[in-house]
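In: Got a predicted structure plus its sequence, pasted below:
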Amino acid sequence: MSQLKVGMISFAHEHAFSYLDALLSIPEVTIVGIADPVPARVAEATGKHNIAYYNDYHVLLEQPMDAVVICSENALHAEITIAAASKGIHVLCEKPLGISIDEMNQMVEACERNKVQLMTAFPCRYLAAVVQAKQTVDRGEIGEIVAIKGTNRGTAPSGWFVDRSLSGGGALLDHTVHVMDLMRWFTGSEPAQVYAYASTLFNDQLKVDDAGMIHVKFENGTFGVVDTSWSRKPPFPTWGDVTMEIIGTKGVLSVDSLAQVNEVYSQQDGLGQWNYWGDNMDLHLIRSFVEAIRSGTPVPITGLDGLRSAAVALAGYQSIQEGQPVKLNA
């Protein structure tokens, strides 16, 4: 395959802008068009890069293309993915993969039935600290993993992110999936039981949870806990964090994914700032998707990976309602 023809559907999720930059940096990629029902959301991008604009994603999917990147509201992931799969188009879908087990199963099945690949956008696998930690674990330097304590504490979003009908949930869903994917990846095991707590603690105007703790027991006996919250206020230097403390039988490994920063103090800005110099995880994510599709090899982060991580968060909400641990189906 010489050129990979890629379309983008929806810039509702801000990651779309970073993914666009990544796609534009790859010579082997041609961007066929961008579809978004809100013209203003993509006008600058389409105008600056002379990319065709479509108001209706169905029209974009009629154009000759190999793959599509979906960054819509969570509630639309399934509908768009299934439509793309029916056209024989490979899919990279923003996380969480979906907002129900049933629809995520339909997404995976549609892609398998139409012989196209479905990749879940989990860029945290490409953070330098995470990559090095995975290599350390795989070498056996800390022995067998006993437990992992993780955090994903971010700045509160707005708009559709806090509308449950479009997002599927609050911080527990939004921030469980990244670290849960890393936990599954590091342990090589599937979550078997979930117990969770969630509440609205930082902004009482929200109608979704903005704080939570989710506890998981894996099939191999490993325990995991994730602090999921939108607890970072706007003045915080970064959008959030992704940390893990991995406890093994021979040692403990600490991961601070966004620690690659310079502290900048400027009278002009008035406040100290962090100038992040680490690797661009979104660029590595997009490159891996493009390489897999062009070479015909399996994508490194599958739709099933997305389903199983999101299933933990959904089970967490069930656990909160029932007030007890919930078992996950194998």
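Out: Yep, that arrived.

In: List the buried residues for the lowest-mean-pLDDT helix or strand in the chain?
Out: Counting by mean pLDDT, DSSP states H and E, the weakest-scoring helix or strand in the chain turns out to be strand 272-276, with a mean of 72. Within strand 272-276, the residues that count as buried by 16 or more other Cβ atoms under 10 Å are residue 273. Heads up, the C-betas are built off the backbone N, CA and C, glycines and all.

In: I'd like the next helix or strand past it.
Out: Note on strand 272-276: by DSSP states H and E, the next helix or strand toward the C-terminus is helix 281-295.

In: Show me how far that next one is from its chain's centre.
Out: Offset of helix 281-295 from its chain centre (Cα atoms, centre = their mean, to the nearest Å): 15 Å.

In: Repeat that for stretch 134-146.
Out: 24 Å.

In: From one end of it to the other, what's the distance?
Out: Start-to-end span of stretch 134-146 (Cα to Cα, to the nearest Å) is 15 Å.

In: Helix, strand, or coil at the spatially closest residue to residue 240 that is not a sequence neighbour?
Out: Excluding the flanking residues, the one nearest residue 240 by Cβ to Cβ, 6 or more residues apart in numbering is residue 154, at 3.1 Å. Here residue 154 is recorded as strand under DSSP: H, G, I helix; E, B strand; the rest coil.

In: contacting residues for residue 174?
Out: 96, 154, 157, 161, 167, 228, 230 (Cβ atoms under 8 Å, 6 or more residues apart in numbering).

In: Tell me which of those residues fall in helices.
Out: Using DSSP state H, the members of the contacts of residue 174 that fall in helices are residue 167.

In: Which members of the contacts of residue 174 are the farthest-apart pair?
Out: The span of these, defined through Cβ to Cβ, is set by 96 and 230 at 15.2 Å.

In: to the chain's geometric centre, what's the distance from the least confident helix or strand of the chain?
Out: Using Cα atoms, centre = their mean, the offset of strand 272-276 from its chain centre is 24 Å.

In: for stretch 29-42, same thing?
Out: 20 Å.

In: Next: stretch 156-171.
Out: 15 Å.

In: Could you tell me the end-to-end distance of it?
Out: Using Cα to Cα, the end-to-end distance of stretch 156-171 comes out at 8 Å.

In: buried set for that stretch?
Out: Residues of stretch 156-171 classed as buried by neighbour count (16+ other Cβ under 10 Å): 156, 157, 160, 161, 162, 164, 166, 167, 168, 169, 170, 171.

In: can you count the residues close to residue 87?
Out: Each residue near residue 87 was counted by other Cβ atoms under 10 Å, and the total is 14.

In: nope, residue 20 is what I was after
Out: For residue 20, the neighbour count with other Cβ under 10 Å is 25.

In: So which bits of the helix or strand containing it are buried?
Out: Per DSSP H and E: residue 20 is located in helix 15-24. Buried residues in helix 15-24, counted by 16+ other Cβ under 10 Å: 15, 16, 17, 18, 19, 20, 22, 23.

In: Now render those as CSV, adding distance to residue 110 and pLDDT.
Out: Shown next, in CSV, are those (distance: Cβ to Cβ, whole Å; pLDDT from 0 to 100):
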residue, distance to residue 110, pLDDT
15, 23, 96
16, 22, 97
17, 27, 97
18, 27, 96
19, 22, 98
20, 25, 98
22, 26, 98
23, 24, 98
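
In: Which residue ranges of the stretch 51-200 of the chain form helices?
Out: Under the criterion DSSP state H, counting those that start in this stretch, the stretch 51-200 of the chain contains helices at 57-60, 77-86, 101-113, 128-138, 164-167, 171-187.

In: Of those, which is nearest residue 149?
Out: Closest to residue 149 of those is helix 171-187 (Cβ to Cβ; 9.8 Å).

In: doesn't residue 148 make contact with residue 224?
Out: Yes. Judged on Cβ atoms under 8 Å, residue 224 makes contact with residue 148 at a distance of 4.7 Å.
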